[in-house]
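Asks: Below are the sequence and a predicted model; questions follow.
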Amino acid sequence: MPQIPGLSRFTIVGAGAMGCLFAARLAEAGAAVTLVDVDAKRLALLARDGITLHDDHAERTVRIGTALAGDAVGPADVIMLFTKGMHSRDAIASVAHLAGQRPLAVTLQNGLGNAELLAGTFGNDRVIMGVTDFPSDLQGPTTVSSHGQGHIAIGGFAAGLADECTALAERFNTSGLATHVAQDIRVAVWEKVAFNAALNSIATVTGMTNGGMDRAGGKDLICAIANEVVDTAQKLGIAADRDRVHSRLDFALSNHRDHKPSMLQDRLAGRRTEIESINGAVVRIAREAGLAVPHTAALAHLVRMIEMGA
């Protein structure tokens, strides 16, 4: 695989399913990858055995570097954040010592606020944000499965990052990670937030899969939340498309009926959820913009109550 000058050394923070998928794909395509996590035992397994990647092409093992955050010394051309949103602040602080190397800092995480946190440490002019729908599931400590197609959209957090975004997209594309540079990445980010705010919060409160929510009352509530998020984005001057969001929701309800949204999975596993970076963030931003988002706020309160009672 051809090397892309300046974007060949990646530090990936978070060894979950997405972190492992990107680490494996990038390393397989010739990038130098260091996977950072807080779990020293798991990192030792990954260093010893590599990442076993199952996808539609084959099963293979890919070797990567590993490090605890304090031991990650770079050099890093790109730092990618793949933790859950509630861990972003601590994760960024753990690799802040690499900021002097002026890496690109990239987030494809769910929710709002992650890019702003990265910018606070690495600078507005070094942050790239985006969304992805690549399927990825951990199967044991060193194995990740990814079947089916996915896509990535990226864009600069601030103006003036066109060349960097193009170079990163080329690196991802040569690694089998289909990517395009969006004209306004905020649109894709907010549309995904609308999707997640509706399905994730309702599933977490009800315990239902997508198919379980596909009924009159459920669909009404899903639409109400999605509309509130789109209204908030549009109030900020972000051209989120209401029809496109509803089309994606309808597709998920019809075609992914057995899927348990990630927030429900976190609840069932006794983990904290990303409610504050999804519904909670929308409520805070809407309030500042003078908008009422009662359905989004109600679901945020209910998820918080469930977490407090867990």
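Replies: Great, that's in hand.
Asks: Please make it C-alpha for all contacts and neighbour counts, starting now.
Replies: Will do.
Asks: How about the contacts made by Thr34?
Replies: 10-12, 23, 64-67, 72 (C-alpha atoms under 8 Å, 6 or more residues apart in numbering).
Asks: okay, and the helix or strand of the protein with the least pLDDT?
Replies: Lowest on mean pLDDT, DSSP states H and E among the helices and strands of the chain sits strand 137-138, with a mean of 90.
Asks: Quick check: can you name the pairing partners of that strand and their directions?
Replies: Strands that pair with strand 137-138, judged by DSSP bridges, come out as strand 143-146 (antiparallel).
Asks: Contacts for the strand it pairs with next, please.
Replies: In contact with strand 143-146 (C-alpha under 8 Å, 6+ apart) are residues 17, 20-21, 51-56, 134-139.
Asks: top of the residues you listed by neighbour count?
Replies: When neighbours are counted by other C-alpha atoms under 10 Å, Cys20 leads those with 30 neighbours.
Asks: wait, isn't that residue in contact with Ile51?
Replies: Yes. Between Cys20 and Ile51 there is a contact at 7.1 Å, judged by C-alpha atoms under 8 Å.
Asks: Not counting the least confident helix or strand of the chain itself, show me its contacts.
Replies: Counting by C-alpha under 8 Å, 6+ apart, residues outside strand 137-138 touching it are 16-18, 144-146.
Asks: Show me the contacts of strand 143-146 that map onto strands.
Replies: Counted as lying in strands by DSSP state E, out of the contacts of strand 143-146, are 51-55, 137-138.
Asks: Let me know the closest of those to Met213.
Replies: The shortest gap between Met213 and any of the ones in strands among the contacts of strand 143-146 belongs to Asp137, at 23.1 Å (C-alpha to C-alpha).
Asks: And the helices in the stretch 51-200 of the chain?
Replies: Along the stretch 51-200 of the chain, the segments classed as helices by DSSP state H, counting those that start in this stretch run 88-94, 114-122, 162-174, 185-206.
Asks: winner for burial among those?
Replies: Of these, the one with the most neighbours on average (mean count of other C-alpha atoms under 10 Å) is helix 185-206, at a mean of 24.
Asks: Flag every buried residue along the next helix or strand after it.
Replies: Downstream of helix 185-206, the first helix or strand assigned by DSSP states H and E is helix 210-213. Using 16 or more other C-alpha atoms under 10 Å as the test for burial, helix 210-213 gives 210-213.
Asks: and helix 210-213, what's its mean pLDDT?
Replies: Across helix 210-213, pLDDT averages out at 94.
Asks: Relative to the whole chain's centre, how far out is that helix?
Replies: 23 Å (C-alpha atoms, centre = their mean, to the nearest Å).
Asks: what does that helix rub up against?
Replies: 199, 202-203, 219, 252-254, 256-261.
Asks: before we move on, what SS does Val245 have?
Replies: helix (DSSP: H, G, I helix; E, B strand; the rest coil).
Asks: Could you check how many residues crowd around it?
Replies: So Val245, with other C-alpha under 10 Å, has 22 neighbours.
Asks: check contacts around the closest residue to it other than its chain neighbours.
Replies: The shortest distance from Val245 to any non-neighbouring residue, by C-alpha to C-alpha, 6 or more residues apart in numbering, is to Glu191 (6.1 Å). For Glu191, the contacting residues are 230, 240-241, 245, by C-alpha under 8 Å, 6+ apart.
Asks: For the residues you listed, which entry has the maximal number of neighbours?
Replies: When neighbours are counted by other C-alpha under 10 Å, Val230 leads those with 25 neighbours.
Asks: Helix or strand: which one has it?
Replies: According to DSSP H and E, Val230 maps onto helix 216-235.
Asks: State the mean pLDDT of that helix.
Replies: 97.
Asks: For the buried residues of helix 210-213, could you give me JSON lines that also reports distance to Val282?
Replies: Listed next are those as JSON lines, based on distance: C-alpha to C-alpha, whole Å:
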{"residue": "Asn210", "distance to Val282": "22"}
{"residue": "Gly211", "distance to Val282": "25"}
{"residue": "Gly212", "distance to Val282": "25"}
{"residue": "Met213", "distance to Val282": "22"}
